[in-house]
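> Following is a predicted model, sequence given first.
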Amino acid sequence: MKLVVVESPAKAKTINKYLGNDYKVLASYGHIRDLPSKDGSVDPEHDFAMHWEFSAAGRKHLNDIIAALKDCDTLILASDPDREGEAIAWHILEELKEKKKLDGKKIQRVVFHEITKSAVKEGIENPREIDQDLVSAYMARRALDYLVGFTLSPVLWRKLPGSRSAGRVQSVALRLICERETEIEKFKPEEYWTIDVDLITQAQALMTTHLINLDGKKLAKFSINTEAKALDAKAKIEAQSFHIDEVERKKASRYPAPPFTTSTLQQEAARKLRFSAKKTMQVAQKLYEDGIITYMRTDAVNLSKDAVKACREAIEKYFGAAYLPKTAKEYKNKTKNAQEAHEAIRPSDVMNTPKKMEMKLDSDAYKLYELIWKRTVACQMNPAILDRVIVDALSADGQILLRATGQVIQFDGFLRLYQESKDDTDENDDNVILPNVEKGESVNKGDIKPAQHFTTPPPRFTEASLVKKLEELGIGRPSTYANIIAVLQERKYVKVEKLRFIPEDRGRIVTVFLENFFKKYVEYDFTAQLEEYLDDVSAGHMEWKKLLGGFWAKFIKTVENVQPLQLTEVINRIDEALSAHLFPPREDGTDPRSCPVCHNGRLSIKFGKFGAFLGCSNYPDCKYTKPLTDTKEEEAQAVQNSTAAPANEDKVLGQLKNMNVYLKKGPYGFYVQLGEDATATTEKPKRSSLPKFVKPEELTFDQAEILLTLPRDLGNGIEVNIGKFGQYIKQGAKSKSLTGEDNIFNITAARAEELLASAPSKPEPKVLAKHPQTGEDIVLSKGRYGMYLKCGKNNYAIPKGYAPSALSAEDAVKIVTSKK
């Protein structure tokens, strides 16, 4: 028997269909362990030792793997084919080695670039070892992000009260958004004019032209920048007659875009479907795990020979031979170190057209699949052929030139199926169809139309244009963009209005601080260079600890230089840098810094417990303030977490089992802990969060002891505990939430029995029939959303028209076999 471990249950379910009875397939549910969110998880003083900790459910999933491995002779690690997938496999292997569970077992690492029967078979037949270079790149990236976050964030909290945290790549992305906003604020519109002239041909056809030359000189954008100049130009045009001086016709080809990479899929889904980067990746992950598309984290644009062949067959079948090139198109990657996966994102089976898949997919999955299918097939189609025409009309004195441009699509080619969207492009008249004219032909003037315009500021970033810019600068990698954008919004550093990013004052303050005191670490070139070094690690060209050593030595020195800075120096720098934003000119011309209450005080930026605000220099006589950040969330959290114990000190409540019981405060609130913090040689201590109804300053040792011994046995098989939805008691199949005066501290066995007496028991599953092929029981069960059928590992919804209580054996067999 062979055990196959993948990272998700959906992927496990799909793969299980393609493997025989000699295989078991289990899911690890992603990473089983990670760096704990506390200081010391990466230790630069001891060769960057990394201390891992099981995730909330990681230990359980590892135990499931260990239990299943007992009956197997081979362990096949089949997590995703990228750096993160390699790390998932490595973590599982390391834990199994440490627990000595691999004696006599054969270890294999396989990858599936698509979840189809042939791809799964090919992967199983071509095992390899763990790629240590990819694992090293993962560890280097995790260590870098951890060291920057856990070293820089405390500096932020001390120097900028109310700030959230700072990340290595997120801070650079935030700088991009803030700089764009500053450009917009500083932008001053400039006036310019254009002049269009309608010309009437000998055949009485109308042709709109643009003024190109005046007084024998080519016009620049701002050559005509006042109404007076525009009217003068109009008068000169009116005084002249015109003839056709030149007609230029030429054919042009427009070629299809390459198939999708991760970043281009995110960009196009944002433009065409209004999907966020995060949503795009979630939907694509599901399509991949269901075997519908290839792996969705890739920066490669090439397609396999089989995929190209399938595309060509689809083109000929659905569009005809005219759309099929004589030879297949090859796309080569322009991205340095493209290594995330072996080919572009494409349908696993091109013959599964969107029409065929529409009834099998939900709305979002269908939209994204249609986009991927069209882009993939279109990339192998013939180019579109365009007839481009340029017509020049010259004045009699040869001093004025009018020009019309247009084009006609002679052959639509790939445009019949797909056209790539663009960001923030101005409309043009390239698609105007021009009338037939001949050189030397006289034309009459129609309307002469001067038009006033003003230049516009650069547009704010959308998700699509931000991803594109990050990729152009070489910052981050395709698989990280969705998380970068999500974190900026979660920290309230940016907000989104009309699908565009606007920096919050909180985000601008953090950016100014970093630009002034950690300038090197938010520079675009430095961040891009670091990404290239990480790629070198994954390619085996650089040792990961050497990279960390070089980075850390300079970074920690910068931190040490910033730590002694006085808060007033930091505030003055920020006040100066954000002066134009915080104190824009007033309409009445008065000093924008003058206090609107006392009128003789001056406003400046100040910092309170919950963040930045504007305050008056006459404080405390004048108490005018204007908050710069929304502090409601922080203030509410502070009330909830208020305590008599000093904010940064642990409080010893007593001793249990010869160990101290501490009241501690973490990033998510207060908790109790038994014993000292974990070290490299000790296990993580027992911890329990304080329930919401317990005030930290009122917590007793007895209560702390109860929290640390949960779940608590009340006797007679009754258990009291705190779960996902709050406090509860449980006895066998019965459970009851604790509300009102009842809680985990005062509940007694008698009171628990009284409460459980009125609690409904969960109905026992009822066997209705045996599966005709497998012999497995078909069971009627009750779940969170109602009754359903279960057969083996699969669950089946009961279709409309069937009454669950009246299901017969024949009904059960029909439902299960029809859906299987």
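Received, thanks. Numbers count the residues shown, from 1 in each chain.
> Leaving out sequence neighbours, find the closest residue to Pro685.
Gly675 (4.2 Å; CB to CB, 6 or more residues apart in numbering). To be clear about C-beta, it is placed using only N, CA and C from the backbone, and glycine gets the same treatment.
> And the one you found, how close does it get to Ser395?
93 Å (CB to CB, to the nearest Å).
> residue ranges with poor pLDDT in this structure?
162, 334-342, 423-431, 609-610, 630-649, 679-681, 760-763, 784, 820 (pLDDT under 70).
> so what strands line up beside the helix or strand Val767 falls within?
Following DSSP states H and E, one finds Val767 within strand 766-770. If you go by DSSP bridges, strand 766-770 pairs up with strand 777-783 (antiparallel).
> Check which element follows the strand it pairs with along the chain.
Criterion used, DSSP H and E; the element after strand 777-783 is strand 786-791.
> so what does that next one touch, helix or strand wise?
strand 777-783, strand 794-797, helix 809-819 (3 or more CB pairs under 8 Å, 6 or more residues apart in numbering; DSSP states H and E).
> Return the distance of the strand holding Val767 from the chain's centre.
Relative to the centre of its chain, strand 766-770 is centred 45 Å away, using CA atoms, centre = their mean, to the nearest Å.
> Can I get it as CSV, trimmed to CA atoms?
Taking C-alpha atoms only, strand 766-770 is exported to CSV below (Å, rounded to 0.1, in the frame of the first residue of the first chain):
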residue,chain,number,x,y,z
LYS,A,766,-29.3,5.3,9.7
VAL,A,767,-28.0,2.7,7.2
LEU,A,768,-30.5,2.6,4.2
ALA,A,769,-28.7,0.3,1.8
LYS,A,770,-25.5,-1.1,0.4
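> now that strand and helix 809-819, what's the angle there?
70 degrees (axes from the mean of the first three to the mean of the last three CA atoms, to 10 degrees).
> List the buried residues for strand 766-770?
Neighbour counts using 16 or more other CB atoms under 10 Å place Lys766, Leu768, Ala769 of strand 766-770 among the buried residues.
> Redo the residues you listed as JSON lines? Include distance to Lys251.
Below are the buried residues of strand 766-770 laid out as JSON lines (distance: CB to CB, whole Å):
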{"residue": "Lys766", "distance to Lys251": "73"}
{"residue": "Leu768", "distance to Lys251": "70"}
{"residue": "Ala769", "distance to Lys251": "69"}
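> ok, longest helix in the protein?
helix 132-159 (DSSP state H).
> And for the residue positioned nearest the centre of the chain, nearest residue in space, chain neighbours not counted?
Centroid-nearest residue in the chain: Ala482, 1.3 Å away (criterion: CA atoms, centre = their mean). Spatial nearest neighbour of Ala482, excluding adjacent residues (CB to CB, 6+ apart): Ala277 at 3.9 Å.
> Tell me if I'm right that that neighbour and Ser465 touch.
No. If you go by CB atoms under 8 Å, Ala277 and Ser465 don't touch, sitting 11.8 Å apart.
> Which one's more surrounded, the two?
Neighbour count, other CB atoms under 10 Å: between Ala277 and Ser465, Ala277 has more, with 25 against 20.
> so what's the more buried one up against?
Neighbouring residues of Ala277 by CB atoms under 8 Å, 6 or more residues apart in numbering: Gln266, Ala270, Glu463, Val467, Tyr481, Ala482, Ile485, Ala486.
> how about a cut-off of 6 Å?
Going by CB atoms under 6 Å, 6 or more residues apart in numbering, Ala277 touches Gln266, Glu463, Tyr481, Ala482, Ile485.
> Looking at these, which one is closest to Pro799?
The shortest approach to Pro799 among those belongs to Ala482, at 36.1 Å (CB to CB).
> and the gap between the closest one and Gly85?
17 Å.
> The residue lying closest to Ile15 once chain neighbours are set aside bridge partners, please.
Spatially, and ignoring its direct neighbours in sequence, Ile15 is nearest to Val25 (5.4 Å; CB to CB, 6+ apart). Bridge pairing for Val25 (DSSP bridges) gives the partners Val4.
> Now for Val25, how many residues are close by?
23.
> contacting residues for it?
Contacts of Val25 (CB under 6 Å, 6+ apart): Val4, Ala12, Ile15, Asn16.
> and the last one, which of the three is it?
Read that as Asn16. Reduced to three states with DSSP: H, G, I helix; E, B strand; the rest coil, the structure at Asn16 is helix.
> Setting aside sequence neighbours, what's the nearest residue to it?
Using CB to CB, 6+ apart, the nearest residue to Asn16 is Val25, at 4.5 Å.
> Tell me how far the one you found lies from Ala78.
Counting by CB to CB, the gap from Val25 to Ala78 is 8 Å.
> Likewise for Glu185?
52 Å.
> More neighbours: which of those two?
Between Glu185 and Ala78, counting by other CB under 10 Å, Ala78 is the more crowded of the two (24 against 11).
> what sits against the more buried one?
Ala78 touches Val4, Val6, Val110, counting by CB under 6 Å, 6+ apart.
> go on, Glu764?
Glu764 neighbours (CB under 6 Å, 6+ apart): none.
> Could I get the buried residue list for stretch 164-181?
Residues of stretch 164-181 classed as buried: 164-178, 180-181 (neighbour count, 16+ other CB under 10 Å).
> Please disregard the earlier target; I meant stretch 307-319.
Ala307, Val308, Ala310, Cys311, Arg312, Ala314, Ile315, Phe319.
> ok, of those, which one's closest to Gln566?
For the buried residues of stretch 307-319, the nearest to Gln566 is Ala307 (62.0 Å; CB to CB).
> and the closest one, what are its phi and psi?
phi -70, psi -40 (degrees, to the nearest 10).
> How about it: what's its closest non-neighbour residue?
Per CB to CB, 6+ apart, closest to Ala307 is Arg346, 5.6 Å.
> dump the residue contacts of that neighbour.
Taking CB under 6 Å, 6+ apart as the test, what Arg346 contacts is Pro259, Thr294, Ala307, Thr376.
> ranges for the helices of the stretch 651-800 of the chain?
701-708, 749-757 (DSSP state H, counting those that start in this stretch).
> tell me the most buried of the ones you listed?
Of all the helices of the stretch 651-800 of the chain, helix 701-708 has the most neighbours on average by mean count of other CB atoms under 10 Å, namely a mean of 18.
> packing partners for it?
In terms of contacts (3 or more CB pairs under 6 Å, 6 or more residues apart in numbering; DSSP states H and E), helix 701-708 is packed against strand 651-656, strand 669-674, strand 686-689.
> And the strand or helix carrying Glu94, how far out from the chain middle?
Per DSSP H and E: Glu94 is located in helix 83-98. Relative to its parent chain, helix 83-98 has a centroid offset of 24 Å by CA atoms, centre = their mean.
> Could you do stretch 807-817 as well?
43 Å.
> Same question for stretch 98-105.
For stretch 98-105 - counting by CA atoms, centre = their mean - the centre lies 37 Å from the chain centre.
> do stretch 447-467 as well
28 Å.
> Not counting it itself, show me its contacts.
Here stretch 447-467 has contacts from 177, 183-184, 187, 189-198, 230, 234, 237, 263, 266-267, 270-271, 276-277, 423-424, 481, 499-501, using CB under 6 Å, 6+ apart.
> Put the buried members of those residues into a ChimeraX selection.
Burial among the contacts of stretch 447-467 is assessed by 16+ other CB under 10 Å; the matching ChimeraX selection reads:
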select :177,192,193,195,196,197,230,234,237,263,266,267,270,271,276,277,481,500,501
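> quick one, phi/psi of Leu394?
phi -110, psi 140.
> related to what we said a few turns ago, a markdown table for the contacts of Val25, including neighbour count and distance to Leu102?
Output for those, formatted as a markdown table (neighbours: other CB atoms under 10 Å; distance: CB to CB, whole Å):
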| residue | neighbour count | distance to Leu102 |
| --- | --- | --- |
| Val4 | 25 | 16 |
| Ala12 | 21 | 21 |
| Ile15 | 24 | 22 |
| Asn16 | 17 | 23 |
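> Pick out whichever of those residues sits closest to Thr748.
Nearest to Thr748 among those, with distances taken as CB to CB, is Ala12, at 44.1 Å.
> Against Ile76, how distant is the closest one?
Applying CB to CB to Ala12 and Ile76 gives a distance of 12 Å.
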